[in-house]
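S.K.: take a look and give me a structure for this.
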Amino acid sequence: MVDHCSPHSIQDQLAIAHLAIKDGDLGHAAFHIAAALVVDPANAEVLAVFDAWLSATDNSLGLVSKREDERWVGWIAMQARTHARPRFELDPAR
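M.R.: Numbering: from 1, shown residues only. This is a model prediction of the structure:
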């Protein structure tokens, strides 16, 4: 993927992702979240931004599949996390 952003740290990746989510550019946000996941997959802030991104999209797998360099570990991490998240909260009253 060609990206004209110039992040120099995981914080830069997350800042770009936050802005992209806010602007509705979820594909761009996905790229920066994926890059952050590669650097620090257990980072609480990275996981929180991923969760915000996941909540904002109705096509999460579509945004991280069939991308340029789809075998990049970042896309694979995004796909795995997307598959691992429940689609909805279970209603304890059921």
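S.K.: ok, now which ones touch residue 80?
M.R.: By Cβ atoms under 8 Å, 6 or more residues apart in numbering, the contact set of residue 80 is empty. Yep, even glycine has a C-beta here, placed from its N, CA and C like the rest.
S.K.: so how far is the helix or strand hosting it off the chain centroid?
M.R.: With elements delineated by DSSP states H and E, residue 80 resides in helix 73-84, which encompasses its position. The chain centre lies 8 Å from the centre of helix 73-84; the measure is Cα atoms, centre = their mean, to the nearest Å.
S.K.: list the helices and strands the host helix or strand of residue 11 packs on?
M.R.: Following DSSP H and E, the helix or strand that holds residue 11 is helix 10-23. Packed against helix 10-23 by the contact rule (3 or more Cβ pairs under 8 Å, 6 or more residues apart in numbering; DSSP states H and E) you find helix 26-39, helix 44-56.
S.K.: elements contacting the last one?
M.R.: Spelled out, it's helix 44-56. helix 10-23, helix 26-39, helix 73-84.
S.K.: just name the most buried of these.
M.R.: Mean neighbour count, computed with mean count of other Cβ atoms under 10 Å, is highest for helix 26-39 among those, reaching a mean of 23.
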